[in-house]
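>>> here is the input, now give the coordinates:
(2 chains)
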Amino acid sequence: MTMPTPRQAELQAASRPKNAYRLSSIGFVAPSVLLVAVVLYLPFIWTTYISFTEYNGLGDPTWVGLENYREMFADPEFLTSIRNTLFWVVGTIALPVGLGLLIATLTHGMPRATWFRLPFLIPYAVSGVAVGVIWSFVLQTNGALSQALEFLHLPGSELRWLLDGPLNTFVMIGASTWQGAGVNALLFGIGLQSIPKEPIEAARVDGASGFTLFRTMTWPMLAPLTTVVVGLAIVGSLKTFDVIWGMTKGGPGRVSETLALTMFKETFVNNSYGLGAAVALFLTVVTVLASILYLRRQLADSRGA
Amino acid sequence: MRSRTTTGLALLTGAALALSACSGGDDPEPGDGGSGGGNGDDGSSAEVTLDFFTDKAAWEPSFEDMNTASDGLAPQLSFTGYSDPTAYDAFIKQSFRTDERPDLFTWHTGDRLGELVEQGLVAETTDIWDQAIADGYVSEDLAANYTYDGKQYCVPLNVVYWVIYYNQAVFDEHGLDVPSTWEEFTAVADTLVDAGVVPLHQMNIIFEFVWFQAILAGMDPEAYDGLSDGSVSYTDPTVVEAMETWHQMQSDGYFIDPGVTTDPQTLLQTGETAMAYFGTFFTGQLTDLGMVSGEDYGMFVLPSVDPGLADTPVVVETGPLCVGTDSENEQAALDYSAWWMGTDAQSAWSDSRGDVSFNPNATVTDEALAEITAQVTGDGYQQLRRYLEATPTPIYTVAAEEFGAFVTNNDDPMGHLEAIQAEADAHWADQG
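Below you'll find the predicted structure:
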């Protein structure tokens, strides 16, 4: 056994507290890591595994390889589901986000602006399923909307709002807009308030006003907040479930299903846990990819600017 | 030294958290509803409280009444009710992956029960059935719903006969009598259509299959039965004829617009629809609206479409009450199942629910229901399983979608039948 040199002994002494500190850090972090692993990573890994099996929730899953994915993409109704999900993404960005921006911009700087924004915010307090139930009363055949249109001698009273696709998807996006526009208006309102006044004033002095002022000054300065609002809208719309479940349950047949509904119905209604897991994984990949692509582009743009 | 103590403390905390997370439920807790007594092997099952789970949360008061009825005679139930059937099914399935198997739970007949039987998750009840049939508590016909490879599993929680409910005031107003033949039935519907009243209710979700069931069963009960085992194709002439009949009835304005989502009981109460084809559970929903049986509404068995049928087909739906294999109180739960099928228990149940019973000796308080029960369990009637339970799940899934679309659009029936048959072909090919 060789004795450590004085230099080595010094180094060992210096590293001891560091190692102990590291160990204690691991100890403190371990419960959280364990929690994340158990409630997030483990279900994801399990779902991925199940997607390659045939499984009805009882007994043991049977490995079937890529069969669930083959079946999923071969099903024309799955393609309808993807199409409807795309409608939801585009519709949600155009309507609840667009309308929210419009409300925030028009009311910005107005005296007692809160009183104009508040009514738009109230539906946000209602759950998605309740929104679905309320709107299905309005939109059912001979419901409130059809009766109102007929009374006012306006066209459209004969339309079967919730029965024909993709019309039913469009009106459900409308119902979702009723609920979601207010909170977007609130977020944009906060964004508008945080914009420094000086550059805007400078632009006004230079002669900019109205839409030109908004396009050239306000909109670029709102960009960081817009990134967040649109990002949340993309993710939210990709996993839309509650409003549709409350209004059409994805029907009639499967014409108004979105990916989230397909996932739920295959798993819990049809008992095809494997196929449901395959749809879940597909939806996860799409959501993550869309978020990454969008955020990377937006963040690159803002860095470039 | 201090850092070593901190490290030790942190690791211990982590380990304690992990251990506490993994250690739930092994030790019986005082006051735990499911461990209130012995396992029944000592003959004292009446002292036991069973963990009972159901997706019929709204029926809790009736199960409380049953606890009063079983007091001192059979185990008590510790009730856990789910109001979302989908969440309930997932919960029950998950529970079989744990040590906390339910003593007693409600489930579905057909494929869903078959899955549990296949996995050995529900206790066999052949002895209970043999005794109940010998005692005249239940018919052998009903046992078919609970039989797998010649053995019975679970006992019937309830039984439902599918009949036509009608609004008495609407019938009186238009001078209509209860029809006894299909011709009279269509004549009633035509009269109502001419008078601007919608004759019949139907839905494009949940119960979208019921008119297919009613018409095909009334036209050719053997063909209806044959669909459930693959011996008959959805594109066979009889099935096509049944769909064409349904198609014609929709074209003739017999049914309410499927876009109307108002509750069927409300539509019948207001007279917006004159009749509704529903299970006898519908009586409870009409009673909740304050409608009185025999005064505000009546019911009749839908006449056979084919007048040449010797027996009128009546669709029967039944839901099981099951005992979990190796559950903590398995024997006591089986004792409860045996008690449940008896006349006293069924009279108490029928009285509390205001519903029919599978036990013909039970007293049914609602006169109209009692009459219907006597009628359909007597001569001249043939009981058939409801389409949902009689059809393998993958085929039913596609059929429900196709019938939903057909009810909505009333388009060419053939495309829908071909789509269902394509799924049926795939299913039966898989079964070898």
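
>>> CA only for contacts and neighbour counts going forward, please
OK.

>>> okay, now the unreliable bits of the stretch 1-150 of chain A?
For the stretch 1-150 of chain A, the stretches flagged by pLDDT under 70 are A:1-18.

>>> going by proximity to chain B, name the top residue of it.
For the stretch 1-150 of chain A and chain B, the shortest gap (Cα to the nearest Cα) falls at residue A:24, measuring 3.9 Å.

>>> count residues in the vicinity of that residue, would you?
Residue A:24 has 21 neighbouring residues, counting by other Cα atoms under 10 Å in any protein chain shown.

>>> next SSE downstream of the helix or strand hosting it?
Following DSSP states H and E, one finds residue A:24 within helix A:6-36. Under the assignment DSSP H and E, the closest C-terminal helix or strand after helix A:6-36 is helix A:42-50.

>>> after that next one comes which helix or strand?
In N-to-C order, the element after helix A:42-50 by DSSP H and E is strand A:53-54.

>>> quick one: neighbours of the residue nearest to residue B:65 when sequence neighbours are not counted, just the number.
Distances taken as Cα to Cα, 6 or more residues apart in numbering or on different chains put residue B:352 closest to residue B:65, at 6.9 Å, once the chain neighbours are dropped. For residue B:352, the neighbour count with other Cα under 10 Å is 18.

>>> would you map the strands across the chain?
Because you didn't say which chain, this covers chain A. Counting by DSSP state E, chain A has strands at residues A:53-54, A:62-63.

>>> to clarify, I was referring to chain B.
Going by DSSP E, chain B shows strands at B:49-54, B:76-81, B:104-106, B:147-148, B:151-152, B:155-167, B:198-200, B:273-279, B:297-300, B:312-323, B:381-385.

>>> ok, the residue nearest to residue B:336 when sequence neighbours are not counted - how many residues close by?
Closest residue in space to residue B:336, ignoring its immediate chain neighbours: residue B:74 at 5.6 Å, by Cα to Cα, 6+ apart. Applying other Cα under 10 Å, we find 23 residues neighbouring residue B:74.

>>> state the pLDDT value of residue B:74.
On the pLDDT scale, residue B:74 is placed at 90.

>>> please apply the same query to residue B:185.
Reported pLDDT for residue B:185: 97.

>>> which non-adjacent residue is nearest residue B:179?
residue B:185 (5.1 Å).

>>> my guess is the one you found contacts residue B:176, does it?
No - the pair residue B:185 / residue B:176 is not scored as a contact, 10.1 Å apart, by Cα atoms under 8 Å.

>>> ok, back up a step: what's near enough to touch the residue nearest to residue B:179?
B:178-179, B:303 (Cα atoms under 8 Å, 6 or more residues apart in numbering or on different chains).

>>> okay if I get those residues as TSV plus neighbour count?
As requested, those are arranged in TSV below (neighbours: other Cα atoms under 10 Å in any protein chain shown):
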residue	neighbour count
B:178	16
B:179	16
B:303	22
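
>>> export the residues you listed to CSV and append columns for pLDDT.
Converted to CSV, those look like this (pLDDT from 0 to 100):
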residue, pLDDT
B:178, 96
B:179, 96
B:303, 96
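
>>> how much space between residue B:365 and residue B:358?
As judged by Cα to Cα, to the nearest Å, residue B:365 and residue B:358 stand 14 Å apart.

>>> more crowded one of these two?
Of the pair residue B:365 and residue B:358, residue B:358 is the one with more neighbours under other Cα under 10 Å, namely 22 against 16.

>>> which non-adjacent residue is nearest the more buried one?
Spatially, and ignoring its direct neighbours in sequence, residue B:358 is nearest to residue B:159 (5.6 Å; Cα to Cα, 6+ apart).

>>> make sure that neighbour is actually in contact with residue B:315.
No - between residue B:159 and residue B:315 there is no contact under Cα under 8 Å: 10.6 Å.

>>> more neighbours: these two, which one.
Neighbours per residue (other Cα under 10 Å) separate residue B:159 from residue B:315, with residue B:315 holding more: 24 against 19.
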